[in-house]
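[1] with the sequence up front, the predicted model follows.
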Amino acid sequence: MKKAAVIGAGIGGLGAAVRLAKAGYEVTVFEANGFAGGKINSRTLGPYRFDMGPSVFTCPEYVKELYDLCGKDFSEFKYRKLPETFTYFFPDGQQFTLPNKREELLNVLVNELGEDPKAIEKYLRKAGRNYRLIAPLFIESSLHKWGHLLNKNLLKALWNIPSYKLNSTMDEENRKAFKNPKTVQLFNRFASYNGSSPFETPAMLNMISHLELNDGAYLPANGMVQIADKIKELAEEQGVRFVFNTKIDEIVVHNKKAVGVRYGSTVFDADVVFSNMDIAYTYTKLLPGEQHPEKILAQEKSSSAVVFYLGIRKKFNQLGVHNIFFSADYKEEYHHIFHKKEIYSDPTIYLNITSKEVPGDAPVDGENWFLMINAPVNVGQDWQEYTQRLRTVMIDKVSRFLGEDIRPYIEVEDVMNPVLIEEWYSGKQGSIYGNSSNSKFAAFYRHPNFSKQIKQLYFVGVTVHPGGGIPLALNSAKIAVRCLLESN
């Protein structure tokens, strides 16, 4: 039986491990941390449990694919569609909640923001149409293999290029579509889903809103960590072996072919190597003697984040699972993040509270608050000072919106910042998604899922094609394994 070595047990590595095992490989996954899931992991502080990373679950069908592949009943994966998507708080005091049903959502946007229902309907219909046109090519196939592209999907996608508005930004098209600046800000927010700026990202990515507003937002029964736990369980059932607390030092290459991995003085021989590490880390740390794709590695990085995990001993009924406290000047906020490499003085705050739907995540009279602020990548800022200052800004802002000081209710707390993100997950400069999408050619500057110089070396995860987020990371695994099987 051929051997496969997978470096990193993030969601891309887990998906690849399952698919490789089903393809007949003997799979070993090496993980530097003591847990699987990468950024999809969990921490308990006193009586509070927190998902440490991704918090919005869309496209459950990509998890179902793995269950189907393994002949397992997907009903074993317990999750539900949330009754609401997000609760939005605006600086002028207006707040409203978007239901997770299309007609009710339309009514809220019309009644709260005064938008034309036909304009909203047209926008969401176009987002869904563009997604369905583009997904088979840009999300579910390799952009770097003609065999993946030469089919009817390519013709459909090319025929509809004008509708993608590649020469406009998300913000420019949103301002044309809507009359209320608040609606524009609400839809601009979807650029943050892959760590980019709506003022620079091509309008094609407005299709991201389709996943949440047309298809819906979901939550696993045991929180987001369940996604990683269950895929790891699938992998183990297929015979995949996990080696934790083991940091790979080198991908062993012989005659331009990956033949194994080295950790310390131990070499693990393999017929194929899959790296789920940040692509920049893979080249600089694991392939130091090989040619690097300098143009790809030099691209602007996505944003990072500062996340505060607070155990709050009080119930706030005006809050939902997902909440946004907007900045008064969104454009200036993103200018600070990407151009000044600073956090804006009035940052947008995202608040996730899984205990609203997962009761065991907090005491009966408490809530587990995950508060995230988009941040620049680490270029030497004083993150200790930044984090302390942000804590004050964040608490003051949320307290102001809620009408009372939350400080007395904080029982436990922890924090994550760009330095820690780089330390924990080896993301270059603390970037969450690798390269940003702040150009119309960004999709083509993501690294392929295979090496063009080194045979039997493949790449998965959010820093390579097709990009950031759980659905795309799972697709990276599908694409990479497909490329491997086709090459053989």
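    Done, it's in.

[2] so where is this structure shaky, pLDDT-wise?
    Along the chain, segments meeting pLDDT under 70 span 143-164, 166, 441-444.

[3] can you list the domain ranges for it.
    As assigned by automatic domain parsing, the chain contains the domains 1-35+244-298+445-488, 43-99+218-223+303-432, 101-215.

[4] which one of the ones you listed is the most hemmed in?
    domain 1-35+244-298+445-488 (a mean of 21; mean count of other CB atoms under 10 Å). In this view, the C-beta of every residue, glycine as well, is placed from N, C-alpha and C.

[5] before we move on, back to that, make TSV out of the domains of the chain and add distance to Glu233.
    Below are the domains of the chain laid out as TSV (distance: least, CB to CB, whole Å):
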stretch	distance to Glu233
domain 1-35+244-298+445-488	10
domain 43-99+218-223+303-432	9
domain 101-215	24
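
[6] so for Asn438, which of those domains sits nearest?
    Closest to Asn438 of the domains of the chain is domain 101-215 (CB to CB; 3.9 Å).

[7] so how far is that closest one off the chain centroid?
    Offset of domain 101-215 from its chain centre (CA atoms, centre = their mean, to the nearest Å): 17 Å.

[8] give me the distance between the two termini of it.
    The stretch domain 101-215 measures 9 Å between its terminal residues, going by CA to CA, to the nearest Å.

[9] okay, Phe96 and Lys356: tell me how far apart.
    As for Phe96, its distance to Lys356 is 17 Å (criterion: CB to CB, to the nearest Å).

[10] kindly report the same for Ile279.
    For Ile279 relative to Lys356 (CB to CB), the value is 36 Å.

[11] remind me what the helix or strand encompassing Ala235 packs against, helices and strands.
    Here Ala235, judged by DSSP states H and E, is contained in helix 225-237. Applying 3 or more CB pairs under 8 Å, 6 or more residues apart in numbering; DSSP states H and E, one finds that helix 225-237 contacts helix 11-22, helix 61-69, strand 241-243.

[12] now do Gln94 against Gly114, distance only.
    As judged by CB to CB, Gln94 and Gly114 stand 11 Å apart.

[13] about what we covered before: now the helix holding Ala235: buried residues?
    Applying a neighbour-count criterion of 16 or more other CB atoms under 10 Å, one finds 225-236 buried in helix 225-237.

[14] how about residues contacting that helix?
    Here helix 225-237 makes contact (CB atoms under 8 Å, 6 or more residues apart in numbering) with 9, 11, 14-15, 17-18, 21, 27, 29, 36-38, 40-42, 51, 57, 63, 66-67, 70, 72, 76-79, 220, 222, 242, 470.

[15] how far does it sit from its chain's centre?
    Counting by CA atoms, centre = their mean, helix 225-237 is centred 18 Å from the centre of its parent chain.

[16] may I have that helix exported as PDB, CA atoms only?
    Written as PDB, here are the backbone C-alpha positions of helix 225-237 (Å, rounded to 0.1, in the frame of the first residue of the first chain):
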ATOM      1  CA  VAL A 225     -15.200  22.400  16.800                       C
ATOM      2  CA  GLN A 226     -17.600  19.500  16.000                       C
ATOM      3  CA  ILE A 227     -16.700  19.900  12.300                       C
ATOM      4  CA  ALA A 228     -13.000  19.100  13.000                       C
ATOM      5  CA  ASP A 229     -13.900  16.400  15.500                       C
ATOM      6  CA  LYS A 230     -16.200  14.600  13.200                       C
ATOM      7  CA  ILE A 231     -14.000  14.700  10.100                       C
ATOM      8  CA  LYS A 232     -11.100  13.500  12.300                       C
ATOM      9  CA  GLU A 233     -13.400  10.600  13.400                       C
ATOM     10  CA  LEU A 234     -14.100   9.800   9.800                       C
ATOM     11  CA  ALA A 235     -10.400   9.700   9.000                       C
ATOM     12  CA  GLU A 236      -9.600   7.400  11.900                       C
ATOM     13  CA  GLU A 237     -12.400   5.100  10.800                       C
END
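
[17] now the angle from it to helix 11-22?
    If you take axes from the mean of the first three to the mean of the last three CA atoms, to 10 degrees, helix 225-237 sits at 20 degrees to helix 11-22.

[18] would you map the helices across the stretch 101-250 of the chain?
    For the stretch 101-250 of the chain, the helices defined by DSSP state H, counting those that start in this stretch occupy 102-113, 117-134, 146-149, 152-159, 161-164, 170-177, 181-188, 208-209, 225-237.

[19] now these as JSON lines including distance to Ser476?
    Compiled in JSON lines, the helices of the stretch 101-250 of the chain are given as follows (distance: least, CB to CB, whole Å):
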{"stretch": "helix 102-113", "distance to Ser476": "30"}
{"stretch": "helix 117-134", "distance to Ser476": "16"}
{"stretch": "helix 146-149", "distance to Ser476": "13"}
{"stretch": "helix 152-159", "distance to Ser476": "18"}
{"stretch": "helix 161-164", "distance to Ser476": "22"}
{"stretch": "helix 170-177", "distance to Ser476": "23"}
{"stretch": "helix 181-188", "distance to Ser476": "26"}
{"stretch": "helix 208-209", "distance to Ser476": "17"}
{"stretch": "helix 225-237", "distance to Ser476": "14"}
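
[20] which of these sits closest to Asn255?
    Closest to Asn255 of the helices of the stretch 101-250 of the chain is helix 146-149 (CB to CB; 25.6 Å).

[21] and Ser439, which of the helices of the stretch 101-250 of the chain is closest to it?
    With CB to CB as the measure, helix 170-177 is the member of those nearest Ser439 (12.5 Å).

[22] so what does the closest one touch, helix or strand wise?
    Applying 3+ CB pairs under 8 Å, 6+ apart, one finds that helix 170-177 makes contact with helix 117-134, helix 181-188.

[23] so which other helices or strands are in contact with the last one?
    Taking 3+ CB pairs under 8 Å, 6+ apart as the contact definition, the neighbouring helices and strands of helix 181-188 are helix 102-113, helix 170-177.

[24] of all these, which one comes closest to Trp383?
    Smallest distance to Trp383 across those (CB to CB): 28.7 Å, for helix 170-177.
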